[in-house]
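Chemist: pasting the sequence and the predicted model now:
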Amino acid sequence: MFKIVKKEFLSENVARLVIEAPYIAKSRKAGNFIILRIDKNGERIPLTIADADMEQGTITVIVQRVGVSSHKLCAMNAGEMLLDVVGPLGTATHIAKIGTVLCAGGGVGVAPLFPIVQAMKLAGNRVITVIAARTKDLVILEDEMRAYSDELIIMTDDGSLGTKGLVTQGMEEVIQREKVNEAVVIGPAVMMKFAALTTKKYNIPTVASLNTIMVDGTGMCGACRVSVGGKTEFVCVSGPEFDAHKVNFDEMLNRLKAYKTKEAEGYRDYLKSLEATPALV
Amino acid sequence: MTKELDKEYYKAERKAEWRNKLRKEIKSKERTNVVRVHMPEADPNVRNKSNIEVNKGLTLEMAVSESSRCLDCVVPTCVSGCPVGTNIPKFVKYIESGDILGAAKVLKENNSLPAICGRVCPQEIQCEAQCVYVKKLSKEGSAIGYLERFAADYERESGNSSIPELASPNGIKMAVIGSGPAGLTVAGELAKFGYDVTVFEALHDLGGVLKYGIPEFRLPKDIVDFEINTIKQMGVKFITNFIVGKTASINDLKNEGFKAFFVASGAGLPNFMNIPGENFNGIQSANEFLTRVNLMNGADANFDTPVHTGKNVVIVGGGNTAMDSVRTAKRMGAERAMIVYRRSQEEMPARAEEVKHAIEEGIEFINLASPIEYFANVNGMVTKMRVQKMQLGEPDASGRRRPQPIEGSEYDIDVDSVIIAVGVSPNPIIQQSMPDLEVTKWNTIKVDENMMTSIPGLFAGGDIVRGGATVILAMGDGRKAAQGMHKYINETILAEV
Ligand SMILES: Cc1cc2nc3c(=O)[nH]c(=O)nc-3n(C[C@H](O)[C@H](O)[C@H](O)COP(=O)(O)OP(=O)(O)OC[C@H]3O[C@@H](n4cnc5c(N)ncnc54)[C@H](O)[C@@H]3O)c2cc1C
Ligand SMILES: Cc1cc2nc3c(=O)[nH]c(=O)nc-3n(C[C@H](O)[C@H](O)[C@H](O)COP(=O)(O)OP(=O)(O)OC[C@H]3O[C@@H](n4cnc5c(N)ncnc54)[C@H](O)[C@@H]3O)c2cc1C
Ligand code: SF4
Ligand code: FES
């Protein structure tokens, strides 16, 4: 059992949870993720380790409410227990002194971007960060990002904060202004697809962190497979980060829809059951 | 122990008062005239819609009758066919004498998972194939597997389950990586020597393939749990959600005081065929499908994990994994549940019994055919697969005739779900975390005759060493490794003090 020691909402649908997991706190690196299971009927869901505190033996995850499991997780409170937490999973980000690194995050992808921004900065790089969201209230981790970035650009679809526009516009602005040695992009698959197309125009080496559907996270099921440079790769063991210019994003976008109908039905039924028993909400 | 010693040992045991008496009760001629027992099975049309166990087990009368067939041979050749060296004539004769708990105790001397082996071992090509009935009398061998299952089930149901004798604790910490049959066996054996054993498991549940792969209708989960529980009662500690090489390294564990290690991380990585369209939705590996159903209860609406099946389901492959997948798909409501396999039915690697059960349950077999491409609808969901007919050519390295494509024989099958069961590769996590560890070109871990790897104190066995093999071979490795680890500790750690 893994205790939640702290929970808070960063925006309406995004919560930050601090979880007791001393081994993981000790061994995790930027780019790693965990898989957790809330209770015995729960599914195994992957979440990036956004931060960790070795002394307290805790890790931080940031979760967006999109379906049954993330809804249940956002409804949990400090003091409650998660049945299973396993990790750190995946291959850690390659962190080195590269020069200027452009880090771009969309939506909840800003959460997994944070440890990379932090590590890139600590490795002595010039870090320019672009974070994007639909609207002001959905922008997360602004202060944290600012603390570790040489420059922080905020983009919102409606212009309610920062500059009005998409993440790719913010990226172009930087690229046209100065030399960028590497880009890291994390967010919804569509956003990563277009971000990759943007940096490709300028031949900037780019890394994307893929959030495919997963079950075991140890290379056993193949649910997480993607085509990278025409080869099948398992995101959970060889990834989650890959050369963004080689990822087949269209195939990945399709695979993310695999359980869409079933999940949507499940979520609708779940929300209905909550309405029927309001005391549980 | 040498083979000669073994022989003498069996001879001496055979001379025991009760065995002599039992042998004299029935003439050998009469024994050989008894007809081999048939395992009662659930009705195929009922069982293919539920998860009830297919094989129902023997009654006491059946078991005693079957055990009376065994001739209690002077040289029990059956034993040579058992990878863990089960004392077969002794346990069988205990059954004939009516002492079923005694029989169960004998089984446990060499095998900590008898109820599991009695269900899933390929007995027909192991012990039973070496039985004198088969070798000399051209009759069906003793039903050793059925009797093993009977004794183990009887003991469990009696509530008088015994725990093997343990040496007094020596306080030396041993680590086991993976809780499949190899890991469980090594843990049990090391506990018998008196070690302080901890098993680390990556998943949230114990048992490896026994839990996430082999379905309930062939191996009920409570039976696996019961046998694991016996090992727990022997003092073995289990830690789930712990990936050695990720959560902590072997070196970290060394610093925590572990003196020797056994890697039993299995061959979990599914192979794909790399043909066009294979990544469309509705196409999954057997491991994904079986894990969603068996480990995550995906077929049960009370659980959150979804699982995809359909009306027209094709499983590609011909091994036990393919049979388990196709029969599971049938149970989940497939109208056509089909096997597509590139060789003929005789060449299928699956156990004959499982193929027979599948046919009875209404599984369609499309043999001598191999997929070459998949097609999908606008939503990216698979709708059709193109297969090419095959013919058998000359035998290949495996001794089986090599399938060759027949040009121009392609045709399409309508599908809404495809499950790929064309083999597995070794789990890569331990190898990735230990660059010095010697591996083969297939990425299996190299071991010496004591099951020790190129790193002193680090042992390995089961599928991670052999590639996808069997439960009993994994257990055989576990037994051998326990001896090797014991020897290693005596020669290094204990020699120093
Ligand atoms: C390596 C990795 C790291 C991740 N890190 C984070 C993180 O830090 N924070 C976070 O909020 N989420 C993260 N995710 C995504 C997260 O795992 C899913 O959002 C979660 O599993 C959804 O579960 P659910 O039951 O609530 O929704 P479901 O009912 O499973 O899904 C609802 C809808 O969400 C979408 N969805 C489902 N799974 C994913 C997925 N893996 N990626 C994108 N969309 C999905 C689908 O469109 C689906 O229809 C990560 C995924 C991976 C693979
Ligand atoms: C569907 C299916 C049906 C089968 N049917 C039969 C049958 O009828 N008869 C038969 O004899 N054989 C059968 N087999 C084969 C048999 O199950 C395997 O040969 C056997 O389970 C191998 O045992 P193992 O202990 O080596 O590994 P596994 O059973 O694979 O167990 C390995 C365990 O190690 C864990 N692990 C991996 N890496 C780590 C790590 N780094 N840290 C911690 N834990 C880790 C895994 O999660 C897993 O639980 C079947 C296999 C499958 C898939
Ligand atoms: S070889 Fe057959 S008959 Fe002889 S002891 Fe073994 S099981 Fe009995
Ligand atoms: S999640 Fe199962 S192989 Fe990656």
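Modeler: Received it, and whenever you're ready, just let me know what you need. Numbers count the residues shown, from 1 in each chain, chains lettered A, B, ... in the order given. Ligands and ions are numbered 1, 2, ... in the order given.

Chemist: wait, what's in contact with residue A:199?
Modeler: Residues near residue A:199 by Cβ atoms under 8 Å, 6 or more residues apart in numbering or on different chains: A:102, A:171, A:175, A:180, A:183, A:185, A:205, A:206, A:244, A:245. Quick note: C-beta positions are derived from backbone N, CA and C, even for glycine.

Chemist: confirm for me that the first one is in contact with residue A:179.
Modeler: No - the pair residue A:102 and residue A:179 does not pass the contact test of Cβ atoms under 8 Å, sitting 10.3 Å apart.

Chemist: who has more neighbours out of these two?
Modeler: Neighbours around residue A:102 and residue A:179, counted as other Cβ atoms under 10 Å in any protein chain shown, are more numerous at residue A:102. The numbers are 26 against 10.

Chemist: then whichever strand or helix holds that one to CSV, C-alphas only?
Modeler: Counting by DSSP states H and E, the element that carries residue A:102 is strand A:100-106. C-alpha atoms of strand A:100-106 as CSV (Å, rounded to 0.1, in the frame of the first residue of the first chain):
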residue,chain,number,x,y,z
THR,A,100,20.2,25.8,-26.0
VAL,A,101,17.3,23.5,-25.3
LEU,A,102,13.8,24.4,-26.3
CYS,A,103,11.2,22.6,-24.1
ALA,A,104,7.6,22.7,-25.2
GLY,A,105,4.7,21.3,-23.2
GLY,A,106,1.0,21.2,-24.0
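
Chemist: tell me how many other residues surround residue 150.
Modeler: All of this refers to chain A. 12.

Chemist: looking at chain B here, not the other one
Modeler: Neighbours of residue B:150 using other Cβ under 10 Å come to 27.

Chemist: hang on, it packs against residue B:63?
Modeler: Yes - the criterion here is Cβ under 8 Å, and residue B:150 meets it with residue B:63 at 4.4 Å.

Chemist: next one, pLDDT for residue A:281 please.
Modeler: At residue A:281, the predicted lDDT confidence score is 42.

Chemist: how far is stretch B:397-416 from where the chain is centred?
Modeler: 28 Å (Cα atoms, centre = their mean, to the nearest Å).

Chemist: ditto for stretch A:195-214
Modeler: Distance, centroid of stretch A:195-214 to centroid of chain: 14 Å (Cα atoms, centre = their mean).

Chemist: that older thread, of the contacts of residue A:199, closest to ligand 2?
Modeler: residue A:244 (28.8 Å; Cβ to the nearest ligand atom).

Chemist: can you tell me the element residue A:31 falls in?
Modeler: Going by DSSP H and E, residue A:31 is not in any helix or strand.

Chemist: and the one 4 residues further on, by the same measure?
Modeler: Element membership for residue A:35, per DSSP H and E: strand A:33-37.

Chemist: repeat for residue B:394
Modeler: strand B:382-395.

Chemist: equivalent analysis for residue B:64, please.
Modeler: Residue-wise, residue B:64 maps onto helix B:60-69 under DSSP H and E.

Chemist: outside of that helix, which residues touch it?
Modeler: B:26, B:31-32, B:34, B:36-37, B:58, B:92-93, B:95-96, B:98, B:100, B:133, B:142-143, B:146-147, B:150-151, B:154.

Chemist: just the buried residues out of those residues, in PyMOL syntax.
Modeler: PyMOL command restricting the contacts of helix B:60-69 to the buried ones, with burial defined by 16 or more other Cβ atoms under 10 Å in any protein chain shown:
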select buried, chain B and resi 31+37+58+92+93+95+96+100+133+142+143+146+147+150+151+154
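
Chemist: what about the contacts of helix B:60-69, which are in helices?
Modeler: Applying DSSP state H to the contacts of helix B:60-69, the entries found in helices are B:31-32, B:92-93, B:95-96, B:100, B:133, B:146-147, B:150-151, B:154.

Chemist: check those and tell me the two furthest apart.
Modeler: Longest distance between any two of the ones in helices among the contacts of helix B:60-69 is 25.8 Å, between B:32 and B:154; criterion Cβ to Cβ.

Chemist: would you check that residue A:121 makes contact with residue A:149?
Modeler: Yes - contact status for residue A:121 versus residue A:149: in contact at 7.0 Å, counting by Cβ under 8 Å.

Chemist: so what sits against both of those two?
Modeler: Here residue A:121 and residue A:149 have residue A:127 as joint contacts, going by Cβ under 8 Å, 6+ apart.

Chemist: which helix or strand contains the residue in the stretch 1-150 of chain B that chain A sits nearest to?
Modeler: The nearest approach of the stretch 1-150 of chain B to chain A comes at residue B:51, 17.5 Å away (Cβ to the nearest Cβ). Using DSSP H and E, residue B:51 sits in no helix or strand.

Chemist: now it. Nearest residue, chain neighbours left out?
Modeler: residue B:216 (4.6 Å; Cβ to Cβ, 6 or more residues apart in numbering or on different chains).

Chemist: how about the one you found, what does it touch?
Modeler: B:51, B:53, B:294.

Chemist: what's the answer for residue B:446, then?
Modeler: Contacts of residue B:446 by Cβ under 8 Å, 6+ apart are B:438, B:439, B:440, B:453, B:454, B:465.

Chemist: so which of the residues you listed is the closest to ligand 1?
Modeler: The closest of those, once distances to ligand 1 are taken by Cβ to the nearest ligand atom, is residue B:439, at 26.7 Å.

Chemist: for that closest one, name its beta-bridge partners.
Modeler: residue B:445 (DSSP bridges).

Chemist: how about residue 185: what's its closest non-neighbour residue?
Modeler: No chain was given, so I picked chain A. residue A:195 (4.1 Å).

Chemist: to clarify, I was referring to chain B.
Modeler: residue B:478 (2.9 Å).

Chemist: I'd like to know how many residues surround that neighbour.
Modeler: Residue B:478: 30 neighbours (other Cβ under 10 Å).
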